[in-house]
Each structure stands twice: as structure tokens, then as C-alpha cells.
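J.: no sequence for this one, just the structure:
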């Protein structure tokens, strides 16, 4: 049983890391986004392994169902830029690679050094109640212990929503508006009416 | 579960994910790519939170709760970020980070 | 604007009405009514509900008499004669020009006969306008009711006369009233045309064999009674000569001439007769007899007799061939009898007897052979 | 299933296999069963739809292949399989290939939480409803991939429309379910069904009501409004008329499926019909009690269950059969409604669809959530929660008052929103007028 | 909403809803149309030139193929033109039969057109199936009279090719029983349906003055509020003997076109009822017996027009005294009604294009000729 879980975990870790690697190295931005989705799925599966079903489902719902789709939409709306042949990375990508690797080393080395492998971890006593991750507990805590954070998150979401709309929405006057035939016709009539009002004498002359 | 896999293994995965995300966020030219890197980083943080909750304090709901908050923040960040990318695209006609270098809109 | 006898109605758009889904429910109601009513069959014009489907290959609607699909040619059931006279009216009016007619010619006189030897309609390009049926003065071309004509290729939709022929009885079965209206005139005109058609010209191709068989029966019956009475009466059949008879006569005449040419010495031409079909049997016999007479007249000296038929229709090709072979044999015999070189026997034996051409060829060859033999006879 | 397999292997044969192996075997069995059921549902649904809609149009529909044309879908399937698989030259081959799979996979996943009868649920997740909707949003990715990989303008537009529509209609769907979740207090689908015993009034609201399995949510104003909103959202999610904009054949040919042929196209079809089946099943489960119906509860109480180990196995079979019958009957009735709607209506335009979703359905469902809280307060809360005035009322009285209050609230909201929505449409025309006015002055 | 690049989409010539092989080169900004260029000619069959090498009568079946939905109306216009040119009298009874056929044609055309329009809006054939059901009934009548359902080729110079069969009138009366029910039902389906209103109200508005300027005719013109109907403006045949109203719209959008078509079906039914009343008293036979079909009109030219279901259908013929027209020109309503399409679609959404196109009710056979 343990072996099974270890194998599953190994596969999941490989999936998550591999997909993430593809995200940052693949040339086509759409493929990159699809790898990102793969990575999200891997993380959701990892949550399931960690017995956090609710988080896993929320991960799928929010990351895959919303954020990934938003990203895909953004890519498609800014499509003709993501063409082939352009440089994928910035000119100093090696620097960032060193920074990232260094950070990983800094985190990983102490972990590897200080780890005593294959020693069963101190787990709770046999009668430990099941871990709390149910919806009910979360809901209670959201309106209890974490009320402030909950409110702040709500406000953040609202602000983000409004902000996103404001940023992405063109001002009405700047937006190109295609007049329909009847609108054009009305416009012309009104313009003629205003012109006639402004220069009644001239129109009278023409009429004569 | 907790018997089979040490906490550190999960943390190593999270750290690797974070570093990859960092690399992506710093080195990709495409702004959407940058955003994807940031999403990876946020995911790694979530893994950490869930792992710590599960291994250390399964009776305390704080871990999942904050994971949810971070997911919320990530959603907000993605929405605003992508809106900004689209606004940038509209003004500069590009989504490359190093082409967007003037302060004038 | 003013209009006469009527008003201008400005359509009511019913604006200002609160629309909270009543229209949607109304639509659902209508569809539901149809669904609920669809379990019974509806064949009634007054109803708008119920299942209207005609499950086509199993059920078929009664086509109206006036229905027109593709043109066909009618022939008379009784006599087998086609109503078509090859007058080209339909060919001329046909808007897409898909009708092609070859008018029949009298093989003897070369004159036009009121019948069509070939009649082609390209069904694939026909637009079913029905003009051909309307203009046809002899009511020969009519619009068929068969519409299941689909094929995989265009060629099979080029209909020749044999495929176009339909008996009048078929047409009366699909459009009795329409036929009733034109029957008298059409049949009268047909009788007039039959008189002007020699032999099987103008008969439905599918019927010629049958008709020939019948005629043979009649002839055999006739031949059994007075077998030798006729030989001396060459002029007798003149009135009702069929083209074959004519042809045979012609051949006989030619043979006689050739024999005469052979220096007054008649060749012992052999008659190409007995087994021939009644129509030409008589003629051929006659010819043979004549040739024999001529030969006899020629005083026992061999002269090639030329036998049959110049322009026989395909059906009598067999007869023609036979006649030709016989003539050739006769010529051979004649050549043997005389010190003449054998007349070149023609290759008729192998030629397929199916078409006119071969028969004609055979006849021509036979004639040539006869001529040659005659020349040789002369030379000696 | 686990119990049955365990019984068979360990008790009957006495092989003593470990528990995880038994679990594995039972889950594999269930998965196989569901993977068999799903395509057959799809085959039958296509036939059902074609026949029903033909009847609505005074026709007969397919009736040639087999008795009454029942094998027509098989013939179509054979046709699909034997067709040439065309991949456009400029398509992204791999994504083009895996997109249909990604569309189909989530629909199969969703079967995991659908209960077919009493005690007949593949996995009783305590977040079943959330799982259902989380997974259903995944297929949007597949649609996007299909549209993008085809390298075709129609496909891309269709995919964008499909995804925009799915994402925006997920919100009213989830919000309308939220009202129900508030009442039941659980995200588990099994709990949801168990709540719906009773006779017009749920036994959970009023305990004294006899249990005929008819205490469906549809009989409450909150449930009714939620049902309307959910069903409309389900139509949009399942891309059914009047919301079949992503594959609007009269505008964008076949939407994201334009460049697909053969079995890949068939997979999209499979996904769509299976999704439709699941949405109908969900509607039946959430608002019409799923397998609940007269007799099922009583039969099941006599059967072998963890709570009642001394029951008769025949009652398991009977209650299961009756429950599955009720469930499928309800599901097919909803599918018939989908067909019915398809037969009657035209299609909305994409902007109208968005307007309708965002400006009408979402406010409606939000108000409905408010109604649900009133419902919960009036039927369940007492002095402890701060509602002291309800204390003296009898349960049936509380139920009746809750009914009246929520009915008034929902009806008023509906009419008010309908009016506002209509006004917002004319408001738009007025805005156009303003633009014209401004342009006039500019010139 | 969000500015994107302008995208060019080809709708057609191979497209489910272009009513034939019609191509629209649509430039869209997001979903909004900035430009639409109609491209036609894919169904060009050289109709007018063929007509000039055919005799006058031979052209009759070709006119069937112009607007293959309403072959009777096309026949009528052409017959009137040639009769005017050659001075052929038409007996009264023949005129009644002609008008009867043409009005039936109008009903079947509108039933089909509305069905196709709703189909373009995305309905799944139901309304079309209902329309087609009525159309089939009328076509059955046509078949029994002329011998063909679509390509009727029924009219001849001086009358019609054959008189109505005996069972025609009873069947027609049956049909008239069903027709109001059908029209009412169609109205119930179309008139108040919210989805349909959303799709048709305010869509494709063609203002009155512009409609006249574009020389649009038929229901499209009347929907724009101009009460112009050739049957009233210049009564031909026996149209001056019937009472009927001219429905007009007030806005000129797709919804008005639907309403006008529904009302026109009612008016046609009214005319048919009057024909049934008056037909037994009509003088003469089904055709003028003195009229030669192989006409050789005197030198001259003529323009004859009728109110075909799609608009004013006119034939311009020039005769040089021979049996063939020297010049043959068709004023095809579909073609001329199509001219404002590009302008009408501007500013609307992609989905509206097919609806506007459907509301114009074109038949490509007539547009390309």
C-alpha cells in the first residue's frame, strides 16, 4: 500500500515538475498554457493524495476552470503577437536561471542534508480523528476565526473584478462604433437639420 | 499517506515548482508567459500550505483556509493581470515585456 | 398613398407589452400540440396536425394524370406501329435540345417514310418541360410518370428508341382521361401513317421479332397450300411489297441483268429461298426463279447469279446472308460448270449476321463475284 | 459494490484478499460499467431526440434500421467509424488529436458522483455537487484546444463562444444550486436526495409528513425558481437550443467541430450527449428527487443496508430497480423537455445570451439564495439563532409561512427583473441615441 | 468590447445558411460587422443570353428556373410581357386561373421564407417543417394542374396549358380550411416569442427613404413602410377585381418583414376566396384558341412587371420581328433587394447577417440568373 502511494506520488511529482518545465520552455505560448493546465491537474491530484478533497476540487474549479481559461482567452485575444520565430526568453535568461537554481539549491540543500530518509515520520496516535478539511468546518471558520480575512478576500475579488473591467474596457468615446444603416441615416438627417438651423438663409437660397 | 511519503518530499516538489515558476516569471518575454510563471509559484505555495497542514496540524483548519484565500488572490491576480495585458496589447500592440518600456500610454 | 379596393394596414408590433415568457410558453404549446397529434396519420388537406409523412418506398402518392417526368414514345399495341412519324417538331421545340431523330427512309426508293429509325432523348439533360408532348401532332410523345431514374453515369440516361417505347395501353393506365381526349385523332393519323410505312419500318423494335414470327406462320400456312403456283407471277406482290421483298426483287433484277450481261448466256443461278422468312422468302424465291430462268435462257452456260438484297434491315440480315452464300455457291457452281475461274467466294460465312452493313457487304461482294464470273464467261 | 465484491470473494470463496485489492476490483468494475452505460445512453439519446423532434414536426423520424429504427444510432456510429479522419494541413496535430479526448474525459468523470438508485452511487463524495461542476468546466479547455488547433476562423470563433458561454453560465448554475445547498446543508448528492423524501413537504422540514418519496425541491418556491434558473443554465452548458451558439450551424458552420471528421467528431458528439444526459440527471436529482418516488424508500428500508443488516436481498433488487426506473424516467422527461425546447425555439445571439445570463439569471439566483436563507430561518431556526418569534409555531405552520414568503419574494423578483431586463434593452437603444446626438453635434 | 484585430470571414459560398451559393466577405471587429461585401455569380447560368437564342415559348420553362420557389409568378410575368408584345388576348377564365396560381405561390413562398428565416435564427427546422407541409399541399395542387411541383411551366401565351382538373377545386377548398389555422399557428410561433423578438426587433433596419433609394421592392419595401404593391399600383391581369389590403411595417426591421409576410399570406387567402367565388362565372376557356404559341411579335419592346412574392419581377423584351427575342432582360427582385445587404448588416453582429439575409428572402437562381 505504501509502495503504491509512493509510486503515485513519484509520478505526480514528475508530472507537476515536467509540465512546469514545459510551461517555461515551450516556444508556442498556447502549448505553454496547456502544459500549465497539466501542471494544475497534477497539483490537484497531489491534493487528493494529501487528503484535501475540497482543495483539490477548488483547484480544478478555479485554476483549470477559470484561470487557465482566462489565460487562453488572453492569448487568443493577443494572438498575432505570439508568432513563431520570436525570441522566447529575455536576453538575460541565464541570469534568472542561475537565480532560480540557486534558490532551489538553497532550499533543497539543507533539506537534503538534514533529512533522515526512510524513517517513519512521527504520526499522531492511532486514535487521531480524521483531518479537518470538510466544507462545513471551512465554512464555520470563514465566518468565525477568519472573518476578517474572508471579508478582505471578498473585497479583493470585487476590486479585482471592477479593476479588470476598468482596465480592459475601452472608454466609450475611444471605442470604435460601427453605425448601422438606420443610425447613419438618422445622423445624416439630424446633421442636415442642424445645418439648416444654423444657416436658414442659405438653405432658403438653395431652395429657391 | 503520511507514513509513506515524508513531508520533505512534498516540500521539494513545491520548491522545484516555485523555482521553475520564478524562472518563467523572470525570463519569459511574453507577458502571458510571465503570468503563467506567477501562477506556478502560487501553486507551489499552496502545496506547501496543504502539506504543512496535513503533516503537522491536521486538526487545524487554518491551512486549507489560507489555501483558499491564496487561490482567491490568484484568481484576482490573474484577472487583473490579464486585463492589464490586454490593455497593454491595445496600446502598444505587443505583449512582449521588453517592448513595453515607455511611460507614455 | 391611396390604393383601390383595400386598405393599407400598418402592422401592429405590440410594443409596450410586458414580455415575461408568455410567448415562449405559447411556442411550446404549439409544438406540444403537434407532438401529441402526431401519433395518428394525417392525409387530410383540412388538417394541420398529425403525421404527414408518406413513407416513400413503401407508400406512394397517387400521381396526378397530368404529372410529367420524362418523355416516352407510344406505339400501338395492336399493330406494333409507333405513333411517331419523325416530324422533328419535338426536336425543334425542345428547349435544352436533347431530342435527336433520324427519320426512316424507304430502302428501295430512298424516300422518307413517316417513321423514325432512331429516336434519342438525353434524359440526363431533359428539363421535363413537356413541350415535346404538347407539340407532337401525332400524340406520339408523352410524359411518363416514372421518376426513379437515378443511375451512376450519364451514358445510361441517353435513351434510344427501344428504351423509349411504351405501348398505348401503358399510357392509358397512367393517364386515361388525357388519352381519351386525343385518342380518336391520334389513331386516325396512325392508320394513315401505317399505310405509308413499308415492312417493319415504324414498328416498335421490341416487337419486330414477334411480328416476323407471326408473319412467317402466316406465310408457311400460305406456302403449304400452293407451293409452285406462284413462280410465274413476279408482278403479284407489287402492291404490298415490304422492303425486303423489294430488296430481294432488286437483287433478283440485278442478278438477271448480270446474267444477261454474261453474253446472253444465262447462268444457272440458284434460288436462295426455302428457309427464308416468309416475307423475303417469296421474293427471294422469285428472284431465284427469275435468275434461273435467265440462266436457262442463257443456254446452260454458267453465269453467276447474284442473289439478294441491297439494303435489308438488320432483322433480315440472316436471310440476306443465306441468300448471299447461296448466290456465291451458285456462282461457284457456275464457274465450275463453265471453264471459267472460280468466282471468289466471299467471306460471308464468317461475317456476323447481326447488322445491315454486313449483309450489304455480303451482297455487294456477291454481286462483285457474280460480275467477275460473268466477265470471265464473256472472255471465254 | 465494495460490499458485494467483498462478500463474494472473502466470504463465499474465502480467498481472503486484502481490502485495497477488493476496493480496486470493485472500482474497476464500476468504472467499466459506467463506461459501457455512457455511450449507450448517448446512442439512445440521439435516437430519442430524432424521433421526438420528428413527431413535433409531423414527421416520423428514422424508422428504417431495425424495428422502429432503433438501430439507427448504431448505423450512424458505424458510419462515423469508417469515415476518413481528416486533419487539416495547418492544424496543430497533437492538440487537434487530444482535444476530443479532453472533451470526453470529464463527462465520464462526472458519472462518478451520480446516484442511480438507493445505495447505488459509484462514489459518495461529500463534495459531490462541487466535483460535478468543477469537472464539467474542464471540458471548456478541450473546446478551446479544438477551436485553436483547427486553425480555422469558424472553429476559433465557435470555441471562444463555447468557452465564454460555459464559463458565464456556470455561475447561475452554481448559484441556483447554492440555494438548495443552503437548505440541505450538504454538498453531497446522496444527502440531497435523502432530503427529498416526503409528500410535497420534505420530511426534513416537517417530520410528521408521510414519506412517499415526493418531497421534492420543485414543490418549494425556492426550489422552483432554482430549477428554472438551473435548467436554463443547463441548456446553455449543454449547448442546447436556444443556447447552441457555439455550434450555430447557420452562422459559424459547426463551431469548434468544423474541422473534425470521423470518430473525432463522434467523440465531440458523444461528449455533448453524455453531458446533456448528466445535466438532465442532475436536474432530476437535485429538484425532482432523483430515485425518490413512491415505494422506493419503503422497499429500501427492508433491504440489506449498513443500518439494517437483517433485510432481505430481494428488497435490494426491488428498490434498486424501482429507483433506477424513477431516476431514468425523470431524466428522460428532462431530455424530452430539452428536445421540446429545441423544437420550438430559435437561437439567441451571443451578446443576448451573455446579457440574459449576467443581467437576468444571476440576479434572479442571487435573490433566490436570499429566499433560501429565509426558508432555512423560518423552518429551522429558533431562539438560539435569534429568531424567537417563530418558537411557538408548529412545523407545518412554519413551512406554510416560509412557503408564502418565499413565493412572494421569488414571484415579485421575477416580474421585477423581467421588467427591468426589458427596460435595459430599451435603455440600450437610448444610449445609441445619445451617441448619435453627440455625433450630430460633432459634425 | 475588447479591441481585437479585424478579421475577415468568408460566409459562403459553401455555407449552411447562404440560401444557395452566395458568398459574403465579412469583415468583423470582434463580433461586430464593419464591412460586408456580397459576392455572387456562382450560380450564373447565362439565362438572358440563352433566352435570346431560344424562341419565345422555349423561354417559358427557363423562367421557372429563375426563382425556383415561385415558378408560377415568373411564368406570369413572362407571359404578360410576351402577350403585351404580341398583342395576345387572354380569356377571363385563364386570367383567374393565373391569379389563383400566383396567389398560391405567394402563400407557399412566404411559408417557406419564414421557415427558412427562423431556421437561420437557429431553430431546428420545426417552423420550416410546418411551412414546408403547407407548401407541399399547394405543390400537390400545382402538380395536379400543371404536371410538375416546382418547375410548373404552366402558363402559355394567351392562357394556361390546360384547364384545372376536376378534383382541383375541392382540394383547394380543403386547403383553404387549413390555411388560416396554419397562418395563426405560425403567428403564434413567431409573433410573441421572446427569443425571436430579440433576434428580429431592431435588426437590419432599412429606413423608408433608403428603401426607396435602393429601389427595393416586395415585402422588404413594404416592411419599411412604403405601401407599394404592383398589384395595386398598376393592376395587371384581373387584380383590380379583388379586395385585398396592403400590409406595411413601421420600422423596417426583420420583425416587420416577418409580420408583413404573415399578413400577406392572409391577404392572398382572401384573394383566393374571391377567385373561387368568381371563377365559375368567368368567360372563355383556359387558353385563347387563336393564340399561336410560336409567336412572332412585331418589332418593338415591352416591359411587363408583376408583384412576385419576392418583389417586383419585370421582363424587358425587345423584338426584332423574328421568333426569338432580340433582347431579354429580367428585373429580378431578389437581386435588387440584395443590394442594400452590405449596408444593412453594418454595425450588427455576425449572427444577424444570416437573419438579415434570410429576411430579404433571396433565391440565388434569380440573383445570378
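T.: Sure, I can see it. These numbers were taken from a predicted model, which means no experiment stands behind them.
J.: ok, residue 141 - contacts?
T.: Because you didn't say which chain, this covers chain A. B:61-62, B:65 (CB atoms under 8 Å, 6 or more residues apart in numbering or on different chains). C-beta coordinates here come from the backbone N, C-alpha and C atoms, glycine included.
J.: sorry, I should have been clearer: chain E.
T.: E:104, E:168, E:171-172, E:175.
J.: mind checking the SS state of it?
T.: Recorded secondary structure, residue E:141: helix (DSSP: H, G, I helix; E, B strand; the rest coil).
J.: quick one, helices of the stretch 51-200 of chain C?
T.: With helices called from DSSP state H, counting those that start in this stretch, the stretch 51-200 of chain C shows them at C:89-93, C:131-135, C:161-164, C:168-174, C:176-195.
J.: mind putting these into TSV with mean pLDDT and distance to residue E:120?
T.: Shown next, in TSV, are the helices of the stretch 51-200 of chain C (pLDDT from 0 to 100; distance: least, CB to CB, whole Å):
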stretch	mean pLDDT	distance to residue E:120
helix C:89-93	86	41
helix C:131-135	87	37
helix C:161-164	82	44
helix C:168-174	86	40
helix C:176-195	82	42
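J.: make TSV from those and add mean neighbour count and distance to residue D:201 to it.
T.: Below are the helices of the stretch 51-200 of chain C laid out as TSV (neighbours: other CB atoms under 10 Å in any protein chain shown; distance: least, CB to CB, whole Å):
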stretch	mean neighbour count	distance to residue D:201
helix C:89-93	20	83
helix C:131-135	20	78
helix C:161-164	18	79
helix C:168-174	16	71
helix C:176-195	14	73
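J.: need those helices in TSV with distance to chain D, can you?
T.: Listed next are the helices of the stretch 51-200 of chain C as TSV, based on distance: least, CB to the nearest CB, whole Å:
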stretch	distance to chain D
helix C:89-93	41
helix C:131-135	35
helix C:161-164	31
helix C:168-174	28
helix C:176-195	32
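J.: to residue A:27, which of these lies closest?
T.: With CB to CB as the criterion, residue A:27 lies closest to helix C:161-164 of the helices of the stretch 51-200 of chain C, at 67.2 Å.
J.: contacting residues around that closest one?
T.: C:71-73, C:116-121, C:204-206.
J.: coming back round to it: give me the buried entries from the contacts of residue A:141.
T.: Those of the contacts of residue A:141 that meet the buried threshold are B:61, B:65, by 16 or more other CB atoms under 10 Å in any protein chain shown.
J.: the contacts of residue A:141 in helices, which ones?
T.: Judged by DSSP state H, helices contain the following of these: B:62, B:65.
J.: let me know the closest of the contacts of residue A:141 to chain C.
T.: Lowest distance from chain C to the contacts of residue A:141 (CB to the nearest CB) belongs to residue B:65, with 42.2 Å.
J.: was I right to think that closest one contacts residue A:138?
T.: Yes - between residue B:65 and residue A:138 there is a contact at 6.2 Å, judged by CB atoms under 8 Å.
J.: in which helix or strand does residue D:134 reside?
T.: helix D:128-136 (DSSP states H and E).
J.: and the helices in chain A, which stretches?
T.: A:2-25, A:29-49, A:53-58, A:68-77, A:93-114, A:135-142, A:147-168, A:181-198, A:200-207.
J.: and these as a markdown table, adding mean pLDDT?
T.: Below are the helices of chain A laid out as a markdown table (pLDDT from 0 to 100):
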| stretch | mean pLDDT |
| --- | --- |
| helix A:2-25 | 86 |
| helix A:29-49 | 88 |
| helix A:53-58 | 85 |
| helix A:68-77 | 82 |
| helix A:93-114 | 78 |
| helix A:135-142 | 79 |
| helix A:147-168 | 84 |
| helix A:181-198 | 79 |
| helix A:200-207 | 51 |
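J.: so which of those is nearest residue E:26?
T.: So among the helices of chain A, helix A:181-198 is nearest, using CB to CB, at 15.5 Å.
J.: so is the closest one next to chain D?
T.: Yes - using CB under 8 Å from any CB of the partner chain, helix A:181-198 reaches chain D at A:183, A:186-187, A:190-191, A:194.
J.: these, buried ones only, as a PyMOL selection?
T.: Applying 16+ other CB under 10 Å to the residues of helix A:181-198 next to chain D, the buried members can be selected in PyMOL as follows:
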select buried, chain A and resi 183+186+187+190+191
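J.: separation between the residue nearest to residue E:41 when sequence neighbours are not counted and residue E:332?
T.: Excluding the flanking residues, the one nearest residue E:41 by CB to CB, 6 or more residues apart in numbering or on different chains is residue E:368, at 5.6 Å. Per CB to CB, to the nearest Å, residue E:368 is found 9 Å from residue E:332.
J.: hey, where'd the strands end up in the stretch 201-350 of chain D?
T.: When secondary structure is read from DSSP state E, counting those that start in this stretch, the stretch 201-350 of chain D shows strands at D:201-202.
J.: need the contact list for the residue of it found nearest chain E.
T.: Residue nearest to chain E within the stretch 201-350 of chain D (CB to the nearest CB): residue D:347, separated by 2.5 Å. By CB under 8 Å, 6+ apart, the contact set of residue D:347 is D:241-245, D:248, D:250, E:121-123, E:195, E:199, E:351.
J.: out of these, who's nearest residue B:84?
T.: residue D:245 (28.9 Å).
J.: out of the contacts of residue D:347, which is most surrounded?
T.: residue E:121 (32 neighbours; other CB atoms under 10 Å in any protein chain shown).
J.: contacts only, for that one.
T.: Here residue E:121 is in contact with D:250, D:346-347, E:195-196, E:199-200, E:354-355, E:358 (CB under 8 Å, 6+ apart).
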